[in-house]
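**Q** fold the following for me, if possible:
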Amino acid sequence: MGWSERGRGHWVPFLYSGGVLRPLRCLPPGGVDGIPRAINDRGEIIGQWGRGDGSLSSSFFYSHGVAHDIRLENGHASEIYVQALNNRGQAVGRYTDLRTNVSSAFLYSGGRLQDLNRLIPEATGWKLQDATDINDAEQIVGYGQDRAGATRAFLLQLK
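**A** Prediction:
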C-alpha cells in the first residue's frame, strides 16, 4: 500500500499485491487525491484525501469497496487527520476546528467520529489533543494537556 505522484501535488493511492500495482478506488465522492495511512488484516484502509487543489483536508475510511468521508456530525468546518487503524475497524486521529483552531483527539468507529474528550471525566482537567495509535485491545495512545497545561502522553482504555 502506498501512493504515487501523478503530477504536481496530485497523489494516487495504490495497493501492491502479487507483483502488480493496482490503483485503489478508495476516495469519497469528489475526492481526487489520496494518501493511504494504514491497512488492517480485514483490508480496510484509512488515509487522507483532497479535492485536487494540492491539499489533503480530510480523511477517508475504505471498507468492502466503499469509501466513507470521516467528518464531524455537527457540520463544523474542520481538518481531520486520521492516524491509525486496528483490526476491529476502529480508527483514531485528531480534528482541528477551523473556527477556534483547537485540536481534539477522536475515535472513528461504526461510521461515527467521537471526540475522545467526551469519554473521560471533565474533572480530570485533561484535554486530549491527538490520538496516535489504537490496538486490537482498544487501547488508545496519544498526547494532550493535563490540568496544569503541560503536554503529556496518555493511554485510554475503551470499555
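**Q** alpha carbons only for contacts and neighbour counts from here, please
**A** OK.
**Q** helices or strands up against the helix or strand of the chain with the lowest mean pLDDT?
**A** For the chain, using mean pLDDT, DSSP states H and E, the weakest element among its helices and strands is strand 2-5, scoring a mean of 73. Using 3 or more C-alpha pairs under 8 Å, 6 or more residues apart in numbering; DSSP states H and E as the contact test, the elements touching strand 2-5 are strand 11-17, strand 33-39.
**Q** avg pLDDT for stretch 39-56?
**A** For stretch 39-56, the mean per-residue pLDDT is 78.
**Q** so where do the strands sit in the protein?
**A** 2-5, 11-17, 20-23, 33-39, 45-50, 58-63, 66-70, 78-85, 91-97, 102-109, 112-115, 127-134, 139-145, 151-157 (DSSP state E).
**Q** what does the last one contact?
**A** What that stands for is strand 151-157. For strand 151-157, contacts defined as C-alpha atoms under 8 Å, 6 or more residues apart in numbering pick out 128, 138-146.
**Q** filter these down to the buried ones, PyMOL style.
**A** In PyMOL, the members of the contacts of strand 151-157 classed as buried (16 or more other C-alpha atoms under 10 Å) are selected with the following command:
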select buried, resi 128+138+140+141+142+143+144+145+146
